[in-house]
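> what's the 3D shape of this:
(chains A and B)
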Protein chains: 2
Amino acid sequence: MPASKIDSLGEWRRTHYSKDITPSNDGKEVTVFGWISSIRDQGGLVFIIINDNFGIMQMTLHKNKVSKELLSKVESLSEHASIGVRGKVKTMSKAPNGAEIVPSEIKVLALPQKVPPFGLHAETLPSMDKRFEIRAVDLRRPKALAIFAIRGKSLEIIREFLKERGYHEVNTPKIIATATEGGAALFPLLYYDKEAFLTQSPQLFKEQLVMAFEKVFEIAPAYRAEQSRTLQHLSEFLSIDVEEAFVDYKDVMNTIEALISRLYTGVSKECSKELKLLGISKLPAIDKIPRLTYDSIIELLKGKDVQIEWGDDLSSESLDMIADELPSYYFITDWPTKSKPFYIKPASNPELSESFDLMYGSLEIASGGTRIGSKKELMKRLKEKGLKPKGFEYHLAVFDYGMPPHAGFGLGFERLLMVLTGQKNIREVSVFPRDQFRLTP
Amino acid sequence: MPASKIDSLGEWRRTHYSKDITPSNDGKEVTVFGWISSIRDQGGLVFIIINDNFGIMQMTLHKNKVSKELLSKVESLSEHASIGVRGKVKTMSKAPNGAEIVPSEIKVLALPQKVPPFGLHAETLPSMDKRFEIRAVDLRRPKALAIFAIRGKSLEIIREFLKERGYHEVNTPKIIATATEGGAALFPLLYYDKEAFLTQSPQLFKEQLVMAFEKVFEIAPAYRAEQSRTLQHLSEFLSIDVEEAFVDYKDVMNTIEALISRLYTGVSKECSKELKLLGISKLPAIDKIPRLTYDSIIELLKGKDVQIEWGDDLSSESLDMIADELPSYYFITDWPTKSKPFYIKPASNPELSESFDLMYGSLEIASGGTRIGSKKELMKRLKEKGLKPKGFEYHLAVFDYGMPPHAGFGLGFERLLMVLTGQKNIREVSVFPRDQFRLTP
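As a prediction, the model looks like this:
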């Protein structure tokens, strides 16, 4: 690439976005900015595709009609360069949005010094590790941009749904003194001179907060020091947490059902272009999500070639077998009490609990249940789980002041997005994923 | 308090909220839920105020008109109890929303076992430490509920503003391998077998992401291991981060100005009841925020009884003196390059930088600037700051592929809320604050 002077932004400011380069603006003088995703030199003509915040636009240059200065600038350009363009809009049926820009002046604002090890439009890509070394550049691929457009829209739809239903957004600490569920999968940290941990879930906080706010939600990072490197685990993920007073686990499943239904309708409507780019011609309509008890799942598995007893957790082998018959969304409900965390409420038959997992085939998407409202019962369950009530004293304390009955769920946002965007590797739906071996960029 | 049976929620579900107990529903049978914030026994009548997700409602009980069973249930009730009520709506001009509920059936869903060490409506409160031991109960005070109603609405307004202007919401990791700004105020953690840190800011991530998304924002926790315990520092806070390509620091100040203006208008309009409860009769209209250069601030201080040289940071003593003359919002712009982080762009006079702080009196609310776009210049600044480029290799790598000119800001959400809600202690605007001495609840 030729050495070339970088212009400063100076007083240039954008007057129009790519979405405004349309026949209705024919003849208008515009200033646009963006980075180049394609450049084609066809004899006397140079076609440049510029990407901005709202999509793409075409700039066409007639080599023999422009100044030497402009031509030399254009010759310095390559894919990934950032430029500013002043020029006139001209109707052109074959261009994106039906119009193009005929430039009169160009500012070269950034030039790549290296060629990325993958093409923006390539079908075959290098390994993920290679791409992720320069993830910000990797994210310029149209398929990556499509995934994150859907991610942004999904977050918006989910928040809108929860606000409409009267849930209050809360922000709880991610640094805690005690392991929430007593699990081992915690990241320890040094908090001044004390040991502390990163939260696996805002579980105890959100339960407490229903005392004051009745219906709460939080969308925030959660942490699991997973020891396995799979396609569906991240060490840091976005957790969508909802908790509500005066309802039970069946109401919560209704809420999730309505949420997923709304999400699918909304993304179908507002991201059809992005879905198509990802090879998804049409998202299914999600209406009712089947509810199968844990008991019925065990019955289903007993006819199959897998060793399982009532009370066992479902192995990935078992889950794969279930997924053969239930490839889409379904709930597994009424789990054995002993396989669920201490705060989940046992049912009238105390061997069973008022709990559920939301599954998609063999993938767990969300988990929830009715919570225990009585301090006495909570302490009993803590002890049964081998946890020390002392470690939960601040949590237990508020139960002395009247904890209403409540229920809720936690949902792994990236897993939901994997399903929605058809990605096999959860890392593709995270801008900078974290796993056991990846702490950079 | 008498021992009393706790009812189960069973099949009862809410049909109406407090906001629906109005004269237009006179005569209607309703099922409502909530917790009791006031109970008054006036001879033959018992007045109970019930709080739910949308405010308060009144239930009135004529002792000699109800069953023994109902009466005995009512006698077991006290402040903070959670109940379900079935009854008829009756117009009553003195009741909240102009109507009350005459109960036919009550479920006692939770009874407090202890009396909180503060009254819900008390003017004098015990120490914050005492209150925060049972923070979820403390949050039931009307003033606390008002603060968090404003917090929720503020978040909503800010997100709406940014989305309207085309910023993409992103979620970047809070676990990083390298100290962003090389500061000491980091919490170290054990990430599997490696040392890692909690982010002080998503600075480097958001800069990289403008390559792909052009305009980004993130609202997420950030961490500072502050060694001082002041009224305006939290160890974990919500940071509002914005970054944008093809603009400079002046554009960013315009964006902040418009954001603050919108926030004040929106909160004034939608939270007038809550503001009043907090003693704020009217929020000022924020239109233009004055911009004073660092040089002019130094000039201003030179006439005062404080020792300061050009190039010095502004001590809290200096800031207090400035606040005497500038008690509301203002920007301090064009700081000495050496007092700003390595990624801030020096101005045409390289002693100065294209930077600003947003202040409210002596309180720093936000900070931002134009960023360096050239890798060479960035490496130079890193070295001048005594930082090793090696530690930033993943960040520097993407600059090889064409980093557009960009600028942005980070804003401490809780500080903004302190100002908005008139709180002197930042802990009051956080549900579960974290500081050097507070890691629980």
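
> Point out where chain A drops to low pLDDT.
Low-confidence segments of chain A, defined by pLDDT under 70, span residues A:1-4, A:179-183.

> Is A:Leu378 in a helix, a strand, or coil?
Here A:Leu378 is helix, with the state taken from DSSP: H, G, I helix; E, B strand; the rest coil.

> Give the closest residue to it in space, chain neighbours not counted.
Spatial nearest neighbour of A:Leu378, chain neighbours left out: A:Ile372 (4.8 Å); criterion: CB to CB, 6 or more residues apart in numbering or on different chains. Where you see a C-beta, it was placed from the backbone N, CA and C, and this is true even at glycine.

> is it true that that neighbour touches A:Lys345?
Yes. Counting by CB atoms under 8 Å, a contact exists between A:Ile372 and A:Lys345, whose distance comes to 5.0 Å.

> ok, now which ones touch the residue nearest to A:Leu378?
A:Ile372 makes contact with A:342-345, A:378, A:381, according to CB atoms under 8 Å, 6 or more residues apart in numbering or on different chains.

> phi, psi of it?
Dihedral pair for A:Ile372: phi -70, psi 130, per degrees, to the nearest 10.

> re earlier: output the contacts of A:Ile372 as JSON lines; include the columns neighbour count, distance to A:Glu156 and secondary structure.
Conversion of these to JSON lines gives the following (neighbours: other CB atoms under 10 Å in any protein chain shown; distance: CB to CB, whole Å; DSSP: H, G, I helix; E, B strand; the rest coil):
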{"residue": "A:Phe342", "neighbour count": "21", "distance to A:Glu156": "35", "secondary structure": "coil"}
{"residue": "A:Tyr343", "neighbour count": "21", "distance to A:Glu156": "30", "secondary structure": "coil"}
{"residue": "A:Ile344", "neighbour count": "23", "distance to A:Glu156": "31", "secondary structure": "strand"}
{"residue": "A:Lys345", "neighbour count": "24", "distance to A:Glu156": "33", "secondary structure": "coil"}
{"residue": "A:Leu378", "neighbour count": "22", "distance to A:Glu156": "36", "secondary structure": "helix"}
{"residue": "A:Arg381", "neighbour count": "19", "distance to A:Glu156": "38", "secondary structure": "helix"}
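
> Throw the residues you listed into TSV and include distance to B:Glu105, thanks.
Formatted as TSV, the contacts of A:Ile372 follow (distance: CB to CB, whole Å):
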residue	distance to B:Glu105
A:Phe342	33
A:Tyr343	29
A:Ile344	29
A:Lys345	24
A:Leu378	28
A:Arg381	31
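
> Break chain A into its domains for me.
Domain assignment for chain A by automatic domain parsing gives A:18-110, A:137-429.

> I'd like the distance from the first one to the chain centre, please.
Okay, so that is domain A:18-110. In terms of CA atoms, centre = their mean, to the nearest Å, the centre of domain A:18-110 is found 33 Å from the chain centre.

> Residues of the stretch 251-400 of chain A that sit close to chain B?
For the stretch 251-400 of chain A, the residues found near chain B under the criterion CB under 8 Å from any CB of the partner chain are A:251, A:373-375, A:394-395, A:397-398, A:400.

> at 6 Å instead, please
Applying CB under 6 Å from any CB of the partner chain, we find that the stretch 251-400 of chain A lies next to chain B at A:394, A:397-398, A:400.

> Kindly indicate which of those residues lies nearest A:Leu209.
Nearest to A:Leu209 out of those is A:Val398 (CB to CB; 9.8 Å).

> Dihedrals phi and psi, that closest one?
According to degrees, to the nearest 10, A:Val398 has phi -70, psi -20.

> wait, it sits on B:Leu139?
No. Proximity of A:Val398 to B:Leu139 does not meet the contact threshold set by CB atoms under 6 Å, at 10.0 Å.

> more neighbours, the two?
Higher neighbour count among A:Val398 and B:Leu139: A:Val398, with 25 against 22, using other CB atoms under 10 Å in any protein chain shown.

> Which residue, other than its chain neighbours, is closest to the more buried one?
If you skip the residues right next to it in sequence, A:Val398 has B:Ala136 as its closest partner in space, 4.6 Å away by CB to CB, 6+ apart.

> What's the local residue count around the one you found?
Counted by other CB under 10 Å, the residues lying close to B:Ala136 total 24.

> My understanding was that it contacts A:Met211; is that so?
Yes. Between B:Ala136 and A:Met211 there is a contact under CB under 6 Å: 4.5 Å.

> Tell me how many other residues surround the residue in the stretch 251-400 of chain A positioned nearest to chain B.
Relative to chain B, the nearest point of the stretch 251-400 of chain A is A:Tyr394 (3.4 Å; CB to the nearest CB). With neighbours defined by other CB under 10 Å, the count for A:Tyr394 comes to 20.

> try A:Leu382
Applying other CB under 10 Å, we find 21 residues neighbouring A:Leu382.

> What residues does it make contact with?
Counting by CB atoms under 6 Å, 6 or more residues apart in numbering or on different chains, A:Leu382 touches A:342, A:389.

> Now do the buried residues in the helix or strand it falls within.
In the assignment (DSSP states H and E), A:Leu382 maps to helix A:375-384. With burial defined by 16 or more other CB atoms under 10 Å in any protein chain shown, the residues of helix A:375-384 counted as buried are A:375, A:378-379, A:381-382.

> again, but for stretch A:256-271
A:256-257, A:259-264, A:266-267, A:270-271.

> ok, now stretch A:151-171?
Residues of stretch A:151-171 classed as buried by neighbour count (16+ other CB under 10 Å): A:151-155, A:157-159, A:161-162, A:167-171.

> From the residues you listed, which land in strands?
Among the buried residues of stretch A:151-171, DSSP state E puts A:168-169 in strands.

> now, which of the buried residues of stretch A:151-171 lie within helices?
A:151-155, A:157-159, A:161-162 (DSSP state H).

> Relative to B:Ala407, which of those is nearest.
If you rank those by distance to B:Ala407 using CB to CB, A:Gly152 comes first, at 21.4 Å.

> was I right about that closest one contacting B:Tyr167?
No. Counting by CB under 6 Å, A:Gly152 sits too far from B:Tyr167 to count as a contact (9.6 Å).

> Next, A:Leu89: phi, psi?
One thing to correct before we go on: residue A:89 is Val, not Leu. Dihedral angles (degrees, to the nearest 10) for A:Val89: phi -80, psi 140.

> Could you pull up the contacting residues of it?
With contacts defined as CB under 6 Å, 6+ apart, the neighbours of A:Val89 are A:21, A:25-26, A:28, A:30, A:99.

> Would you point out the most distant pair within those residues?
For the contacts of A:Val89, the maximum inter-member distance is 11.1 Å, found between A:Asp26 and A:Val30 (CB to CB).

> need the helices for the stretch 51-200 of chain A, in chain order.
For the stretch 51-200 of chain A, applying DSSP state H, counting those that start in this stretch gives helices covering A:68-76, A:128-133, A:135-138, A:142-164.
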